[in-house]
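> I'd like to go over a predicted model; first the sequence, then the structure.
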Number of protein chains: 2
Amino acid sequence: MKIAVVAPSCTLSREAADRLEALVAERGDCEVAVHPQCFLSDGHFAGTDDERLSALREVMGDPSVDAVWFARGGYGSNRIAEAALADLPVASRTKLYLGYSDAGFLHAGFNKAGLDVAWGPMPQDLMRNGGRAAVTRALDWLVNREPSALEPDLQGPAMAFNLTVLAALLGTVLEPDFTGVDLLIEDVSEHHYRIDRTMFHVTGSPNVRKVARLRLGRVGDIPFNDPDFGRDEVAIVEEWCGRSGIAFGGRADIGHDVLNRVVPFKRENP
Amino acid sequence: MKIAVVAPSCTLSREAADRLEALVAERGDCEVAVHPQCFLSDGHFAGTDDERLSALREVMGDPSVDAVWFARGGYGSNRIAEAALADLPVASRTKLYLGYSDAGFLHAGFNKAGLDVAWGPMPQDLMRNGGRAAVTRALDWLVNREPSALEPDLQGPAMAFNLTVLAALLGTVLEPDFTGVDLLIEDVSEHHYRIDRTMFHVTGSPNVRKVARLRLGRVGDIPFNDPDFGRDEVAIVEEWCGRSGIAFGGRADIGHDVLNRVVPFKRENP
């Protein structure tokens, strides 16, 4: 199995790449090719839009690549997502695309175009405490489809998104069809009032209202709400589900953290 | 002229209300009734959803009230906007609704329902340095339709929104028709990468792409973007206008500040 790493959002650290290469060498069960584009820098981004798009298109069209792994999140994949989907090369349809956070813009558009995407840990997670276990989980799933790497309560078809990313793609050309899926959400570094506002937005979408269930992953690093918001993120999500007629499916084992698990959008055994 | 003040979002400070009453007494050209609901508090909000909705509906339906002035922004009007529009009382159609910031959720839905709304300074602005001039500008326009209170370059029909509020109402039942309007936006306390993401979202909307022009007000209090984003808010807005075929109409004299001017959504002299 050959895994190509590209960075459609922000720059991958050299140290994360070194740790990834060491981990892969130790495992000996796959080949990982970190694209040089991962280390480019252009302001906020891992290179200009053209540089990021070009690297992404290159690995999408490479028949020798079995999986494309997004190096890290941050911000920026939305700027190239529509162009990445133009005139899809045949080879792009026979591989898997893995990542989370800002990669959700690509997940959405790629899923809509019929490509095979999954939510899961990324190489830059190796810089976090406990990141080795997270990245090992992703590799176990990429290489062996190890079931223990999966979010444990997947039932029907599922999608997973960072809530703020999900909100920002509604109404754009990237918006996929949510009919009948379990929609798993998580968020990080957003005030409670912002989570409430984003839930208003997301559950106000007629498309999102077609989900089978909405499930809530971990919401981390919530800044202090002044005054105290008066209810926590679970109460917020449950309330907006209730208001909009969406079934709340309880908690999900995903998050912006090293405990993050894998959620394939297209189930192999539906 | 009788102006009713209600708080569909956050609590009005007593001191702001005192300053408003003193200013109005000095002017002697209008009557301002600050609804007691303005001083309620329920976590983040100026009372529960029911309390805020009830006060808003009361003044909307009161035939003696000529204008409804939203006390301040913050967050929360979206939670009651749809209910506020149910079975509109006749008297609600003969008055004006003034405010900015979070009041944009009401502006959007009210405009869609045919009510007469305007963007402009609010009573809580009296707590800011220079707030007296801002609130005087709003009163001059409410009472005398003073032209110098208006945003100076209004041409055809216009709408004004906080960018983040605008994004959060796209796709919901509150979304108005943007066909042919000059859309004025401003924002506050958002990183450059967030402004870029929100512009991606907003300019990805087929409805927003029908505007005559998009104009950019002031973007204040921008937190440090690490790394530096590499371009400022004007460049960001111009780029997304260019990408989406929207005409960029230059700067607008609105903002989350005491220089903020009035933008009536329905022009009296079209």
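Nice, thanks for sending it over. Computed from a predicted model, the values in this text were never measured in an experiment.

> For A:L154, which three-state class applies?
State at A:L154, reduced to three classes by DSSP: H, G, I helix; E, B strand; the rest coil: coil.

> Contacts only, for the residue of the stretch 151-270 of chain A found nearest chain B.
Of all residues in the stretch 151-270 of chain A, A:G230 sits closest to chain B, at 2.4 Å by CB to the nearest CB. Where you see a C-beta, it was placed from the backbone N, CA and C, and this is true even at glycine. For A:G230, the contacting residues are B:42-45, by CB atoms under 8 Å, 6 or more residues apart in numbering or on different chains.

> ok, and which of these reach chain A?
Among the contacts of A:G230, the residues lying close to chain A (CB under 8 Å from any CB of the partner chain) are B:42-45.

> Name the nearest residue to A:A133, sequence neighbours excluded.
Excluding the flanking residues, the one nearest A:A133 by CB to CB, 6 or more residues apart in numbering or on different chains is A:V258, at 6.5 Å.

> The one you found belongs to a helix?
No. Counting by three-state DSSP, A:V258 is located in no helix; its state is coil.

> pretty sure it is touching A:T136, no?
No. With contact defined as CB atoms under 8 Å, A:V258 does not reach A:T136; the gap is 10.5 Å.

> Cross the ones next to chain A among the contacts of A:G230 against helices and list the overlap.
In helices, judged by DSSP state H, none of the ones next to chain A among the contacts of A:G230 are found.

> Tell me which two of the residues you listed sit farthest apart.
Greatest spatial distance among those (CB to CB): B:D42 and B:H44, at 7.8 Å.

> For these two, work out which one has more neighbours and name it.
Using other CB atoms under 10 Å in any protein chain shown, the more surrounded residue of B:D42 and B:H44 is B:H44, with 22 against 16.

> Which residue ranges of the stretch 51-200 of chain A form strands?
Using DSSP state E, counting those that start in this stretch, the strands found in the stretch 51-200 of chain A span residues A:67-70, A:96-99, A:116-119, A:158-162, A:182-188.

> Tell me which of those sits nearest to B:V208.
Nearest of the strands of the stretch 51-200 of chain A (CB to CB): strand A:158-162, 22.1 Å.

> what distance separates the closest one from the centre of its chain?
Distance, stretch centre to chain centre, for strand A:158-162: 7 Å (CA atoms, centre = their mean, to the nearest Å).

> Which elements pack onto that strand?
helix A:104-112, strand A:116-119, strand A:182-188, strand A:263-264 (3 or more CB pairs under 8 Å, 6 or more residues apart in numbering or on different chains; DSSP states H and E).

> re earlier: quickly note the distance from the residue nearest to A:A133 to A:L154.
Going from A:V258 to A:L154 by CB to CB, to the nearest Å gives 20 Å.

> Give me the more crowded residue out of the two.
In this view A:V258 and A:L154 are compared by other CB under 10 Å, and A:L154 has more residues nearby, 20 against 17.

> What score does the more buried one have for pLDDT?
A:L154 is assigned 95 on the pLDDT scale.

> what does A:E268 give?
For A:E268, the model assigns a pLDDT of 52.

> Need the outlier residue of chain A, farthest from its centre.
For chain A, the largest distance from the centre (CA atoms, centre = their mean) belongs to A:P227, which lies 32.0 Å off.

> list the contacts for that one?
By CB under 8 Å, 6+ apart, the contact list for A:P227 reads B:41, B:43-44.

> and if we set it to 10 Å?
Residues counted as contacts of A:P227 (CB atoms under 10 Å, 6 or more residues apart in numbering or on different chains) are B:10-11, B:41-45.

> near chain B, which residues of the stretch 1-150 of chain A?
Applying CB under 10 Å from any CB of the partner chain, we find that the stretch 1-150 of chain A lies next to chain B at A:9-11, A:41-45, A:48, A:74-76, A:78-79, A:81-82, A:102, A:105.

> my guess is A:D62 contacts A:V90, does it?
No. Contact between A:D62 and A:V90 fails when scored by CB atoms under 10 Å: they sit 11.3 Å apart.

> out of these two, which sits in the busier spot?
For A:D62 versus A:V90, neighbours defined as other CB under 10 Å are more numerous around A:D62 (17 against 8).

> Once you drop chain neighbours, what's closest to the more buried one?
Using CB to CB, 6+ apart and skipping residues adjacent in sequence, the residue nearest A:D62 is A:A91, 6.3 Å away.

> before we move on, back to that, ok, now which ones touch the residue nearest to A:A133?
A:121, A:125-126, A:128-135, A:137.

> burial count for A:L174?
A:L174 has 25 nearby residues by other CB under 10 Å.

> An error on my part: the question was meant for A:L40.
Neighbours of A:L40 under the rule other CB under 10 Å: 17.

> Which residue is the nearest non-sequential neighbour of it?
Once flanking residues are discounted, A:L40 sits nearest to A:G47: 3.3 Å by CB to CB, 6+ apart.

> isn't the one you found right up against A:R79?
No. Contact criterion CB under 10 Å: A:G47 and A:R79 do not qualify, at 11.3 Å.

> Between those two, which contacts overlap?
The contact sets of A:G47 and A:R79 overlap at A:8, A:53 (CB under 10 Å, 6+ apart).

> Pretty sure the residue nearest to A:D62 sits against A:K2.
No. In this structure, A:A91 is not within contact of A:K2 by CB under 10 Å, at 12.0 Å.

> Please identify every residue contacting each of these two.
A:59, A:62, A:64-65.

> Excluding sequence neighbours, find me the nearest residue to whatever residue of the stretch 1-150 of chain A ends up closest to chain B.
Proximity of the stretch 1-150 of chain A to chain B (CB to the nearest CB) peaks at A:G43, 2.4 Å away. Distance criterion CB to CB, 6+ apart; nearest residue to A:G43, sequence neighbours excluded, is B:G230 at 2.4 Å.

> how many neighbours does A:V165 have?
For A:V165, using other CB under 10 Å, the count is 23.

> Please report how far it lies from A:H256.
Per CB to CB, A:V165 is found 11 Å from A:H256.

> who touches both of these two?
In contact with both A:V165 and A:H256: A:73, A:100-101, A:187, using CB under 10 Å, 6+ apart.

> now the residue nearest the centre of chain A, nearest residue through space, not along the chain?
For chain A, the residue nearest the mean C-alpha position is A:Y100 (2.1 Å; CA atoms, centre = their mean). Spatial nearest neighbour of A:Y100, excluding adjacent residues (CB to CB, 6+ apart): A:W119 at 5.0 Å.

> Is it correct that the one you found is in contact with A:L106?
No. At 11.2 Å, A:W119 does not count as touching A:L106 under the criterion of CB under 10 Å.

> shared neighbours of those two, anything?
Joint contacts of A:W119 and A:L106 (CB under 10 Å, 6+ apart) are A:G99.

> Farthest pair within the contacts of A:V258?
Comparing all pairs in those by CB to CB, the longest separation belongs to A:N129 and A:R137, at 15.1 Å.
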